[in-house]
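**Student:** heads up, no residue letters with this:
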């Protein structure tokens, strides 16, 4: 069996840079899946991707499938023969196998006998299998919109211009996209004019680097770029290397060369976030900051050529950034000419949502809710009120119109410029925190109050007009907003009743949408996000179920209970207590009609086990009350662990459902008391061992 290296290279016009790495990984995964499906063994598969190619190199790949035996099972013996003659079923089976009945075998098993046919199948060659394998892998690529080119019926993300398929040093005779495979690739668009011949598949990367003047490996090229940026900026400052931008630049160049450009220092008077966005988003440059995190008047960019006149390349890149910076400087200076409050009137004409009114309407609703939250958490209501009324004013500013990503950030700058309280200014920016999973939370209570109100207003409003998110559609980011609400309540330790906040928000909505009817649905939606949030923290589903059974509405309180129950499960006594709680739960569920006594009567206790359990329960009553008031759930469960042995002995020695009505009711009352102790924390009966 021959084993060699296989190269598959699809040469294209420039591929979408933000999709390149995903396309490459998907192509590799698709080819790998096809090889395994066809039972073609190999040792390694490596992906390559540049702006103009997707490629894979597969090492030690079989030249053909192994031969194999295929056994087909036909009719059972009793259905195959009748009066010593083959039935139509047997004759049909033999005919489908292309043999006579005499050439079939009889397979006897414990379950009976069947006629079978065993054929030896010769494995197909790699060359014959490969076209369909490649086409299937290409069809499986994550391409939202495919295109056609010239007069072809083929569809792909970009027009395909060449195809190289080399097995060892041999060209495989296949055709894809109407292009016959060869061993010729193309190198760098500017540094290599001549075609590049791949003499052996295993040397693909080396040949392309040496003769094609490209770095075909995406990850090698990415590492080179990062290394070059760090080297180029040494002694200047620290480069801001955004991971997404680094990937995008890697996908834009085939042979990288990092260089340093400079701009006029007066631009540094503009808020640096605006300059950074102009550099990163518009020009794909890497900003540089000093040891204090302040922008310096230089930047790093990555060229796709190694020029003999680097000064010209640098000058060209400096020239294109200046108009961007000049615009930002103009917007900054113009916007500062009037206070933020002057922008508010214009927000009356900016629609938030048709049924929910304008952005100005939203500001008024958020102000009401944020003030209520501020009063609950001890924030300065005057500062919260001021921040709420200036919130979103920067939407009308020229800077935010040009750079929407700076919403909130520019509000902070404008507020500080007009001498607003720093807490107000910071709140105008931090109202949007957290912006994504793992992002930081607002830093002050005032910003937290405003941020919570902003998100709850969006969630309550959108739910109230029946724009409920689906699996694929969430235009208002309600999932993200719900998770942000939970993170603020829990991680900032805000002791707030979420259901109460939702009701306050619903009361601020336009009367005609009847938001109060959606309150329970909204709470359930956010609560379901709490289930996912706790799962990400390692809380098991049964622990969550034990808390959700109590119908609590304070996320911080729920979170503390979850942690306590998770630790309780690790106690040595947990197993016994979980089992006895399940038993208590079943007894009480099945005897709801019993007229249980108001309190347990010591005079009705008969055996030692129930007396010991009663005494243990009474001894805990005062302690549980104090711990419950302090919400020290872990200590409550630790104290209740002392009931493990008394409960086990009680059930071993005591018949709860005795015929004596008073004694039975007394025992049910005792179990109810113990159940209630546990339910100051959770329904322990829901836990699984």
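**Tutor:** Yep, it's here. The structure presented is a predicted model; accordingly, all values stated were derived computationally and were not measured.

**Student:** ends of stretch 113-129, how far apart?
**Tutor:** 37 Å (C-alpha to C-alpha, to the nearest Å).

**Student:** just stretch 679-689 next, same as before
**Tutor:** End-to-end for stretch 679-689, by C-alpha to C-alpha: 18 Å.

**Student:** swap in stretch 195-213?
**Tutor:** Note: stretch 195-213 ends 12 Å apart using C-alpha to C-alpha.

**Student:** buried set for that stretch?
**Tutor:** Within stretch 195-213, the residues that count as buried by 16 or more other C-beta atoms under 10 Å are 196, 198, 200-205, 207-209, 211-213. All C-beta spots, glycine's among them, are computed from the backbone N, C-alpha and C.

**Student:** can you list the domain ranges for the protein.
**Tutor:** What the TED database lists as the domains of the chain is 3-65+125-211, 68-121, 218-336, 341-537, 568-686.

**Student:** how about these, which one is nearest residue 554?
**Tutor:** domain 341-537 (5.4 Å; C-beta to C-beta).

**Student:** what's the mean pLDDT across stretch 249-262?
**Tutor:** For stretch 249-262, mean pLDDT is 97.

**Student:** low-confidence ranges, the stretch 1-150 of the chain, go.
**Tutor:** Applying pLDDT under 70 to the stretch 1-150 of the chain flags no residue at all.

**Student:** and for the chain?
**Tutor:** 593-598.

**Student:** picking that back up, now, which of the buried residues of stretch 195-213 lie within strands?
**Tutor:** Those of these mapping onto strands are residue 196, per DSSP state E.

**Student:** picking that back up, could you dump the domains of the chain into CSV with distance to residue 550 added?
**Tutor:** Formatted as CSV, the domains of the chain follow (distance: least, C-beta to C-beta, whole Å):
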stretch, distance to residue 550
domain 3-65+125-211, 44
domain 68-121, 53
domain 218-336, 42
domain 341-537, 12
domain 568-686, 7
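
**Student:** ok, which of those comes nearest residue 547?
**Tutor:** With C-beta to C-beta, the closest approach to residue 547 among these belongs to domain 568-686: 5.2 Å.

**Student:** give me the residue at the spatial middle of this structure.
**Tutor:** Compute the mean C-alpha point of the chain, and by C-alpha atoms, centre = their mean the closest residue is residue 437, 8.0 Å away.

**Student:** quick one: contacts for it?
**Tutor:** residue 483 (C-beta atoms under 8 Å, 6 or more residues apart in numbering).

**Student:** what comes into contact with stretch 618-635?
**Tutor:** For stretch 618-635, using C-beta under 8 Å, 6+ apart, the contacting residues are 557, 560-561, 563-565, 567-568, 636, 639-640, 642-643, 677, 680-681.

**Student:** for these, which one is nearest residue 254?
**Tutor:** For the contacts of stretch 618-635, the nearest to residue 254 is residue 563 (52.1 Å; C-beta to C-beta).

**Student:** quick one: that closest one is in a strand?
**Tutor:** No - assigned with DSSP: H, G, I helix; E, B strand; the rest coil, residue 563 falls outside any strand and is helix.

**Student:** got a list of contacts for the helix or strand encompassing residue 482?
**Tutor:** Element membership of residue 482 [criterion: DSSP states H and E] is helix 478-491. Residues from elsewhere that reach helix 478-491 (C-beta under 8 Å, 6+ apart): 434, 436-437, 441-442, 448, 451-452, 455-456, 458-459, 462-463, 469, 474, 494, 496, 498, 525-526, 529-530, 532-533, 555-556, 559.

**Student:** mind listing which of the residues you listed are in helices?
**Tutor:** Among these, the residues falling in helices (DSSP state H) are 448, 451-452, 455-456, 458-459, 462-463, 498, 525-526, 529-530, 532-533, 555-556, 559.

**Student:** right, and residue 406 touches residue 275 too?
**Tutor:** No - if you go by C-beta atoms under 8 Å, residue 406 and residue 275 don't touch, sitting 10.9 Å apart.

**Student:** which one of the domains of the chain lies closest to residue 549?
**Tutor:** With C-beta to C-beta as the measure, domain 568-686 is the member of the domains of the chain nearest residue 549 (4.2 Å).

**Student:** chain center to that closest one, what's the gap?
**Tutor:** Computed by C-alpha atoms, centre = their mean, to the nearest Å, the chain-centroid distance of domain 568-686 equals 43 Å.

**Student:** show the end-to-end separation of it, please.
**Tutor:** 13 Å.

**Student:** excluding its backbone neighbours, what's nearest residue 297?
**Tutor:** residue 265 (4.6 Å; C-beta to C-beta, 6 or more residues apart in numbering).

**Student:** do residue 335 as well
**Tutor:** residue 397 (4.5 Å).

**Student:** next: residue 413.
**Tutor:** Per C-beta to C-beta, 6+ apart, closest to residue 413 is residue 271, 5.0 Å.

**Student:** please apply the same query to residue 267.
**Tutor:** Nearest to residue 267 is residue 325, by C-beta to C-beta, 6+ apart, at 4.5 Å.

**Student:** go on, residue 585?
**Tutor:** Nearest non-adjacent residue to residue 585 (C-beta to C-beta, 6+ apart): residue 685, at 3.9 Å.

**Student:** residue 31 now?
**Tutor:** Once flanking residues are discounted, residue 31 sits nearest to residue 137: 4.9 Å by C-beta to C-beta, 6+ apart.

**Student:** neighbours around residue 52, how many?
**Tutor:** Residues lying near residue 52 (other C-beta atoms under 10 Å) number 21.

**Student:** list the contacts for it?
**Tutor:** Residue 52 sits in contact with 11-15, 161, 186, 189, 254, where contact means C-beta under 8 Å, 6+ apart.

**Student:** strands of the stretch 51-200 of the chain, residue ranges please.
**Tutor:** 53-62, 68-76, 81-82, 85-86, 105-109, 112-121, 160-167, 170-171, 175-176, 179-180, 184-185, 196-197 (DSSP state E, counting those that start in this stretch).

**Student:** and if you look at the stretch 201-350 of the chain?
**Tutor:** Under the criterion DSSP E, counting those that start in this stretch, strands of the stretch 201-350 of the chain are mapped to 238-239, 257-262, 286-289, 295-303.

**Student:** let me have these in JSON lines, extended by distance to residue 36 and mean neighbour count.
**Tutor:** Shown next, in JSON lines, are the strands of the stretch 201-350 of the chain (distance: least, C-beta to C-beta, whole Å; neighbours: other C-beta atoms under 10 Å):
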{"stretch": "strand 238-239", "distance to residue 36": "42", "mean neighbour count": "18"}
{"stretch": "strand 257-262", "distance to residue 36": "40", "mean neighbour count": "18"}
{"stretch": "strand 286-289", "distance to residue 36": "40", "mean neighbour count": "22"}
{"stretch": "strand 295-303", "distance to residue 36": "37", "mean neighbour count": "21"}
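
**Student:** columns distance to residue 589 on top of those strands, output as CSV?
**Tutor:** Shown next, in CSV, are these (distance: least, C-beta to C-beta, whole Å):
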stretch, distance to residue 589
strand 238-239, 64
strand 257-262, 70
strand 286-289, 64
strand 295-303, 66
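
**Student:** and those: which comes nearest residue 218?
**Tutor:** strand 295-303 (14.2 Å).

**Student:** run through who's touching the closest one.
**Tutor:** 225, 228-229, 232-233, 236-237, 239, 249, 252-253, 256-265, 267-268, 272, 275-276, 279, 283-290, 313, 317, 321.

**Student:** perfect, I'm done here.
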